[in-house]
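*Asks:* Below is the sequence, then the predicted model.
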Protein chains: 6
Amino acid sequence: MSYRRLVGFGEAMLRLTVRDGGALETATSLDCSVGGAELNTCVAAARAGMPATWVSALPDDPLARLVRRHVRANGVDAEILTVEQARLGLYFLEMAPPPRPLRITYDRKGSAFAMLDPDRIEWRTLLGPDACLVLTGITPPLGGGPRKSVEVALAAAREVAAVVALDVNYRSALWSRDEASRWLNKALPQVDVLSVGPEDLSAIGLEGTDPLAEALRRFELRAAMTTSKQRVDDAMELEVRVVTPDGEHRAQARAGVVDPIGAGDALFGTFLAHLPGGDVQAAVELGLSAAVTCIGLFGDALVDDPWDTSESRGVVR
Amino acid sequence: MSYRRLVGFGEAMLRLTVRDGGALETATSLDCSVGGAELNTCVAAARAGMPATWVSALPDDPLARLVRRHVRANGVDAEILTVEQARLGLYFLEMAPPPRPLRITYDRKGSAFAMLDPDRIEWRTLLGPDACLVLTGITPPLGGGPRKSVEVALAAAREVAAVVALDVNYRSALWSRDEASRWLNKALPQVDVLSVGPEDLSAIGLEGTDPLAEALRRFELRAAMTTSKQRVDDAMELEVRVVTPDGEHRAQARAGVVDPIGAGDALFGTFLAHLPGGDVQAAVELGLSAAVTCIGLFGDALVDDPWDTSESRGVVR
Amino acid sequence: MSYRRLVGFGEAMLRLTVRDGGALETATSLDCSVGGAELNTCVAAARAGMPATWVSALPDDPLARLVRRHVRANGVDAEILTVEQARLGLYFLEMAPPPRPLRITYDRKGSAFAMLDPDRIEWRTLLGPDACLVLTGITPPLGGGPRKSVEVALAAAREVAAVVALDVNYRSALWSRDEASRWLNKALPQVDVLSVGPEDLSAIGLEGTDPLAEALRRFELRAAMTTSKQRVDDAMELEVRVVTPDGEHRAQARAGVVDPIGAGDALFGTFLAHLPGGDVQAAVELGLSAAVTCIGLFGDALVDDPWDTSESRGVVR
Amino acid sequence: MSYRRLVGFGEAMLRLTVRDGGALETATSLDCSVGGAELNTCVAAARAGMPATWVSALPDDPLARLVRRHVRANGVDAEILTVEQARLGLYFLEMAPPPRPLRITYDRKGSAFAMLDPDRIEWRTLLGPDACLVLTGITPPLGGGPRKSVEVALAAAREVAAVVALDVNYRSALWSRDEASRWLNKALPQVDVLSVGPEDLSAIGLEGTDPLAEALRRFELRAAMTTSKQRVDDAMELEVRVVTPDGEHRAQARAGVVDPIGAGDALFGTFLAHLPGGDVQAAVELGLSAAVTCIGLFGDALVDDPWDTSESRGVVR
Amino acid sequence: MSYRRLVGFGEAMLRLTVRDGGALETATSLDCSVGGAELNTCVAAARAGMPATWVSALPDDPLARLVRRHVRANGVDAEILTVEQARLGLYFLEMAPPPRPLRITYDRKGSAFAMLDPDRIEWRTLLGPDACLVLTGITPPLGGGPRKSVEVALAAAREVAAVVALDVNYRSALWSRDEASRWLNKALPQVDVLSVGPEDLSAIGLEGTDPLAEALRRFELRAAMTTSKQRVDDAMELEVRVVTPDGEHRAQARAGVVDPIGAGDALFGTFLAHLPGGDVQAAVELGLSAAVTCIGLFGDALVDDPWDTSESRGVVR
Amino acid sequence: MSYRRLVGFGEAMLRLTVRDGGALETATSLDCSVGGAELNTCVAAARAGMPATWVSALPDDPLARLVRRHVRANGVDAEILTVEQARLGLYFLEMAPPPRPLRITYDRKGSAFAMLDPDRIEWRTLLGPDACLVLTGITPPLGGGPRKSVEVALAAAREVAAVVALDVNYRSALWSRDEASRWLNKALPQVDVLSVGPEDLSAIGLEGTDPLAEALRRFELRAAMTTSKQRVDDAMELEVRVVTPDGEHRAQARAGVVDPIGAGDALFGTFLAHLPGGDVQAAVELGLSAAVTCIGLFGDALVDDPWDTSESRGVVR
């Protein structure tokens, strides 16, 4: 896989966070940042040195400017449709140590992204044989425009010989397991690199002793990754497994938790940035180092360097 | 006018504020409070000792609980419809000293209130001859349900002999001047107490040398109030004028500005709370004292007592 | 036990908190909230759907208004005596991870509650056969008025056939073990539901292999509960045991600690709210779920819903 | 007047402040600092290079340590009695732009200072012919111990030939005008330098065309100062007038207001620090420069240098 | 003047701010932003739609990354030398309402910029006939490297026919009036657009009735601008005057002050962005509107849009 | 060892901290405190009741005043040279839970301390037979002046029979292992009490089975201490070992981590304060209790009392 740049497509939201110990019900102040799986993935990749372009839609208001600042500050290029009379999606996050749940309240209906006109994105221009298109399973259920855009993008990627990476990211609040399974099974044959959560494998209809290897085989993937996370008090234990036609790679680590959101995106983006280098094990370990750093950082995005200390990050093969 | 309680109907929103000196574009934290003209009016009236009930609709999520806490904390009763699959409206506020504008970005589409089912509110039970129904011109353009609710409420008020108070609050972003004028002219004959901004008088089609007196006469009002505000650096100069069939009352004051939002509601709620007492001039002055206090307070709502020091508040006849 | 509402009696204080990592000695800012065992218990019960009235005394100043807002916001009714020339009790709390102690500095002398006139509370009106009177062992040593009020309340409860629930909450700073034991042994025969810490059992003079069961038998209680807590780094392990004439119930859980204060009150209030339902085990588990939620929340009071996720809260029988 | 050090006697309190725009009723956080007129005066004098000792009483708890840190940090020496079982006095301050009042809620009953044993202070050791004793009219009404201490201190000052400076600081909440007048008229013959507010002159029974000059004459003062303050929106206009047997001195200035509390103390302390230098006009102007600086600083105490820019501070003769 | 992009050269510093009312001496928290006159100018120009490149030097540490984020977020391109073993310059800012001074404590010695190697910047590549080089008088005294860089840049600008804009910005702490005058008089003949403070005119040796017109004539400038500022309590009055060979333009405005730093840079950058449009008066007014917006914003940089409301900003010809 | 006061010599820096979860790269606010190993040691000793004097150099600016306030507030005396045209050293600290590293970015070049003139310190006056000179291995590599000062101080200590305590504190960023080893081996024969990290022992050239005992013997020390620290998620495990000619002492504890910086200094200062008491084991345990308290406190300095609860601090022999 010899792509030299990422092209991510997806929605970004304003994230409004109640810090540890508070409840939204009694909040008098909310921390304000930007989140979105595909954008987070682009941010991580750009930090790892891989040029990244984020394709999306935004309204025409000060909140859109806030998102654009975030994108630029993180060194990600943007191709953004402006949708008039639309809003920016939001999500409210209440952070708490377990077992009090880290509760997310989405408020993304009527967003500029959900209302985007798929005909306004010129995928053939955006993609190319040097590009890796980054998608997630969050986008198709967000609306007709987003779903059609993903499908057009997949077709365009095939035409221009771009690589396709997809993170399943199944969200039961957005679509049913059946609907997701149907859509994903149609899309996956066009995917090259798959990231899938342990519990999402069955959503795709993959079961058996090694569903990840089964996915690799069935969809003729070049790489399939799964990450399992387990919260132990204030720490998170992560284990990554990647299977490729050439074999299997694993790494694991344990991280003190500041903010677990976005860790999977940091991992995927960093992994994708290093994958063309050819050393899959290194890509896995650097990805895990990024995930661990992201867990120790407030916010969705990877805004600190993980590279110089990957060993001291406690990544273990 | 011998009502003994207020019944306000309108939408509440989560207010997300960038404090003085910041811009939404670079915000990392937002202050979080609750606003809504009719609710603000109820809060002021309740503080002045007049029982108040707020009729509204909310979604079923933690943000709705935040609004309910605010309502209860301020001693206002609530009759709230829960609307599933809906959201709470928001507004973003960037506070700044002039001439940098105090910018409001509304995000209220798809709110539970806009989507409320008017048939679910039992106005005949809520109102009565001891009640004063409080409405504003913000509600009719928010959606078919809200508009029909206002109309049903007006009809019910007439049937049960409730007093009706209306604050015009014309918002050009919500409806055109023509549409507003048409609706208001149909509604105003059912109104008893009117509050109207100096620049909104023409929206109702009232002009001439004394459009306020003209409104009193044409719509057979029992009281008509207008408040003019002028910002002078960090201070706000207010002048209130009330005309009744019995004569005219005036008061003016100057207030250091912390947060000008909600001052008109504090004035109207306090004025309405005192109006049944019979001393219109006192009601005007106490209302102005509440407005001045509200301008010196962060947030929409009147959360501090203005009563004990009305004179030292600088209210001048 | 078929009570349908709680009536709590006790003092509330302003809580001034130095967040984790600070010391009062160098504080430049203090978080400000409201605490008080009986009020906390009422708040938890009200959240669980059981109407609750808090009987207390407050001064006549802005701090009293702050307490009243807190009570109302949490949906608790209030019967409050105003005591002129008195103050609101305070407590300063320095939060720290162990072994640095979570230090409390009380400043409650001369409080309105300590100075209340017991003759001004009409217990017969407040209580009834549908009520459960909630008391703690904190109140009697606070002053002559509070102690007499508790005794009058106990007598009134008997007369009107109200249920009585008491949380021992022995505080060595307030009275000696002897004095506490003497008072409690006189009061306990009038108690129906007892909550007592493992180390407080001996304060009541209960010893032997199963002092809790001994309490049940000796005082003819309908339920006796004890909760043991153990701090393990940033987590708290809780174990609840309830004995009734019909048998024994247990539940345990482990919670990441934000703020351990108030967890026992959340447990007791939630337990009492569910006890009339008849399923003691469910009441214990819901109570523990509330405690675990409270430990993950800043402040004394249970200001977030624990219900929807009681299983995911890690409550184990 | 050739004193070379100040010895101030008075109470310090923890000041808990709601910043501009908030109300105590809805506060979730309070700023925490230390205030007390005589201590503030010592702080200003020490900053001006005059050694200062603060004589007072404190409880034995972390809040007392907070006060001691403040005293030491400002370079003031301390002679502090520890009073067991006592508390630190507090005051709550709600800051607001006028006409919303800057409201102070005192909570100082039962303080260590009010309960101090006057026999434990060795005034003869503390004072001497090189000392200027600094008192205010706040102390006598705080309790029998404080009042007796002031009287003993005055007697000791006479014996050891110390200078005595007194700031009237009449507080109607602490004692009646009659009681104050009686006490002050007995004490003033022992005073050398008097600071008195324009409206306090009548409290001492001084009236007529020039009551300040009358005070100088009647009590054989060496200097009498009065400062008038007028708030104009966000600014404060100050005018100082000092009369001595040798003539009269005036200065005036206008200051943007951050926090007006303590300005008079900063002025008095700075004036007293420079008075022995012999140039009364310079002492007045430097004092006013300190006051103006203090008004532009958060907190009671003068914690920034005013000296280098006295001219640019807008002080005008 | 038909340039289509700006190229600014100068130092950026971390700005550490004590907000209004605090003193550095007692600070426990500092706001953290980025400042630098030439960078501020580029930021304003980029916001006005004129592409801008900032040429500078930074160390290799997390603070340099913070500066780079700021540059990117504001849409400014960067050509940055990395200087090993160097530091980022800082400045501490204590904000206060007058007459307490807004005090700046610089800490910029040994900065990467001061130590930059002038031979590493390829001015001929960076500049061109479509470019306007933006310099200030702050740079030459910062070190030998910076001064030589400015001189080389001026020479390169002439060679490639780039326009040169210079803001005198005389700082007495950096060099003497004589040294500044000598250097500026050598440089000014190569300058096309000059911005100069009213009091800096004499630093260049320009005096007489109209020194600005004299500058225009003597140095054959295409435009010369001067801005006078006057603080009146919480407001700032600004008056801009521009002279060109074709005539004279003026505009004035009054702004509520949040943070006066950077206003002149916002004005200059916005003016330069609009100057090629040919309507000098419009450029002046838009510049003033930007300045007024910047005064109402925290931080050096213009991070909010001034365009849509230029009239309501109170700009007056 | 019968010293009765400490005399510490070393540099203090302004510490600018990004709290847990942030990155310097995105910081908008930094916590501001004071750090410096020798000063921290003096602070701990003074809190333990041992008079301490801190000898150092500072610039002449508001930051120096901030440091002086910190020193005074903690009850430490100061002998401070003022160095004109110099700056205060800084360090930036990014706090994070492991494995994200707690990253320190030093910015101390050109500091007043590094530039101090060694001839201006009168060591013979400062020291005496009742004094214990406290040094660390941080000082010699900071500059020629500091190194010479340390050497002169060591010589003076010998002359006046002062005790010498040294904490090796080897910092690879300041000097090479070789240079450190050479300097330390020359200095150590003049040292009486040594504190050395487990990994620093080899820096001094001490190896073998018990390098600490070897140090004691080779340099004829009176006490040698080593502390090992191990981070386990949010806790720190500490183990202290002290060897003296009379035997060996150990203690260990586990502490929840707020801020690990300064714990070793708190331990050393507290240990030194108690050492003259003669009970080495008690000194070790009290030192460890101080370290554990410091780990639970924000900032370098021990600003809370550890004494009253040393047992509950979990110190185990």
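*Replies:* Yes, it's here.
*Asks:* Please count neighbours and contacts with C-alpha atoms only from this point.
*Replies:* OK.
*Asks:* Please identify the helix or strand for the residue of the stretch 201-317 of chain A found nearest chain D.
*Replies:* Chain D sits closest to residue A:298 of the stretch 201-317 of chain A, with a gap of 22.8 Å, by C-alpha to the nearest C-alpha. Here residue A:298 is covered by no helix or strand, with elements defined by DSSP states H and E.
*Asks:* Quick check: chain neighbours aside, which residue is closest to residue A:181?
*Replies:* Counting by C-alpha to C-alpha, 6 or more residues apart in numbering or on different chains, residue A:181 lies nearest to residue A:204, which is 4.8 Å off, once chain neighbours are set aside.
*Asks:* Residue A:71 against residue A:77, yeah?
*Replies:* Yes. With contact defined as C-alpha atoms under 8 Å, residue A:71 counts as touching residue A:77 (7.2 Å).
*Asks:* Please say which of these two ends up with more neighbours.
*Replies:* Counted by other C-alpha atoms under 10 Å in any protein chain shown, residue A:71 and residue A:77 do not tie: residue A:71 has more neighbours, with 23 against 19.
*Asks:* Quick one: check the helix or strand where the more buried one lies for contact with chain E.
*Replies:* Using DSSP H and E, residue A:71 sits in helix A:62-73. Yes. Using C-alpha under 8 Å from any C-alpha of the partner chain, helix A:62-73 comes into contact with chain E via A:68, A:69, A:70, A:71, A:72, A:73.
*Asks:* Could you list every helix and strand in contact with that helix?
*Replies:* When contacts are defined as 3 or more C-alpha pairs under 8 Å, 6 or more residues apart in numbering or on different chains; DSSP states H and E, helix A:62-73 sits against strand A:77-82, helix E:62-73.
*Asks:* Determine the angle, from 0 to 180 degrees, between it and strand A:77-82.
*Replies:* Angle, helix A:62-73 to strand A:77-82, by axes from the mean of the first three to the mean of the last three C-alpha atoms, to 10 degrees: 170 degrees.
*Asks:* Residues of chain A that sit close to chain B?
*Replies:* Neighbours of chain B within chain A, by C-alpha under 8 Å from any C-alpha: A:24-33, A:61-67, A:69, A:87, A:105, A:107, A:109-110.
*Asks:* again, only using 7 Å
*Replies:* Counting by C-alpha under 7 Å from any C-alpha of the partner chain, the residues of chain A close to chain B are A:24-33, A:62-63, A:65-66, A:87, A:107.
*Asks:* Out of those, list just those in helices.
*Replies:* Here DSSP state H is the test, and the residues of chain A next to chain B give A:62, A:63, A:65, A:66 as lying in helices.
*Asks:* hang on, the earlier thing: can you say which of the helices and strands packed on helix A:62-73 is nearest to residue E:232?
*Replies:* The closest of these to residue E:232 is helix E:62-73. By C-alpha to C-alpha, the value is 31.7 Å.
*Asks:* where's that closest one relative to the chain centroid, distance-wise?
*Replies:* 18 Å (C-alpha atoms, centre = their mean, to the nearest Å).
*Asks:* can you list contacts of it?
*Replies:* The contact list for helix E:62-73 (C-alpha atoms under 7 Å, 6 or more residues apart in numbering or on different chains) reads A:69, A:70, A:72, A:73, A:74, E:34, E:58, E:88, F:24, F:25, F:26.
*Asks:* circling back: can you put the helices and strands packed on helix A:62-73 in JSON lines and add distance to residue E:241?
*Replies:* Shown next, in JSON lines, are those (distance: least, C-alpha to C-alpha, whole Å):
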{"stretch": "strand A:77-82", "distance to residue E:241": "38"}
{"stretch": "helix E:62-73", "distance to residue E:241": "30"}
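*Asks:* what's the most buried one of these?
*Replies:* For the helices and strands packed on helix A:62-73, the largest average neighbour count (mean count of other C-alpha atoms under 10 Å in any protein chain shown) is found in helix E:62-73, namely a mean of 22.
*Asks:* Quick one: low-confidence residue ranges for the stretch 151-300 of chain A.
*Replies:* Nowhere does the stretch 151-300 of chain A drop to pLDDT under 70.
*Asks:* how about 80 then?
*Replies:* A:203 (pLDDT under 80).
*Asks:* Also the stretch 1-150 of chain A?
*Replies:* For the stretch 1-150 of chain A, applying pLDDT under 80 flags the ranges A:1, A:20.
*Asks:* Would you map the strands across it?
*Replies:* Ranges of strands in the stretch 1-150 of chain A, per DSSP state E, counting those that start in this stretch, are A:5-9, A:13-18, A:29-35, A:52-58, A:77-82, A:90-94, A:103-107, A:131-136.
*Asks:* can I get those strands in a markdown table with distance to residue D:306?
*Replies:* Formatted as a markdown table, the strands of the stretch 1-150 of chain A follow (distance: least, C-alpha to C-alpha, whole Å):
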| stretch | distance to residue D:306 |
| --- | --- |
| strand A:5-9 | 57 |
| strand A:13-18 | 41 |
| strand A:29-35 | 36 |
| strand A:52-58 | 51 |
| strand A:77-82 | 50 |
| strand A:90-94 | 46 |
| strand A:103-107 | 51 |
| strand A:131-136 | 60 |
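*Asks:* still on that earlier bit, and the residue of the stretch 201-317 of chain A closest to chain D, what is it in contact with?
*Replies:* A:258, A:259, F:21, F:22.
*Asks:* let's see 10 Å
*Replies:* A:17, A:19, A:31, A:33, A:257-262, F:20-23 (C-alpha atoms under 10 Å, 6 or more residues apart in numbering or on different chains).
*Asks:* One more: residue A:86?
*Replies:* A:57-61, A:109-116, B:107, B:109.
*Asks:* Count the residues that sit near the closest residue to it other than its chain neighbours.
*Replies:* Here the nearest residue to residue A:86 in space, its sequence neighbours aside, is residue A:112; by C-alpha to C-alpha, 6+ apart that works out to 4.8 Å. Using other C-alpha under 10 Å, residue A:112 has 26 neighbouring residues.
*Asks:* Thought residue A:118 was touching residue A:112, still the case?
*Replies:* No. Using C-alpha atoms under 10 Å, residue A:112 is not in contact with residue A:118; the gap is 12.0 Å.
*Asks:* residue contacts, the nearest residue to residue A:161 once chain neighbours are set aside?
*Replies:* The spatial neighbour of residue A:161 that comes closest, neighbours along the chain excluded (C-alpha to C-alpha, 6+ apart), is residue A:129 at 4.9 Å. By C-alpha under 10 Å, 6+ apart, the residues touching residue A:129 are A:2, A:3, A:4, A:5, A:157, A:158, A:159, A:160, A:161, A:162, A:163.
*Asks:* Just the buried residues of the residues you listed.
*Replies:* Neighbour counting with 16 or more other C-alpha atoms under 10 Å in any protein chain shown marks A:3, A:5, A:157, A:158, A:160, A:161, A:162, A:163 as buried within the contacts of residue A:129.
*Asks:* Let me see the contact set for the last one.
*Replies:* Which is residue A:163. By C-alpha under 10 Å, 6+ apart, the contact set of residue A:163 is A:1-3, A:6, A:127-134, A:154, A:157, A:190-193, A:222.
*Asks:* go on, residue A:164?
*Replies:* So residue A:164 contacts A:6-7, A:131-135, A:153-154, A:157-158, A:188, A:190-194, A:221 (C-alpha under 10 Å, 6+ apart).
*Asks:* Counting by contacts, list what the strand or helix carrying residue A:271 packs against.
*Replies:* Here residue A:271, judged by DSSP H and E, is contained in helix A:263-274. Counting by 3 or more C-alpha pairs under 10 Å, 6 or more residues apart in numbering or on different chains; DSSP states H and E, the packing neighbours recorded for helix A:263-274 are strand A:5-9, helix A:37-47, strand A:131-136, strand A:163-167, strand A:193-195, strand A:223-232, strand A:235-244, helix A:280-295.
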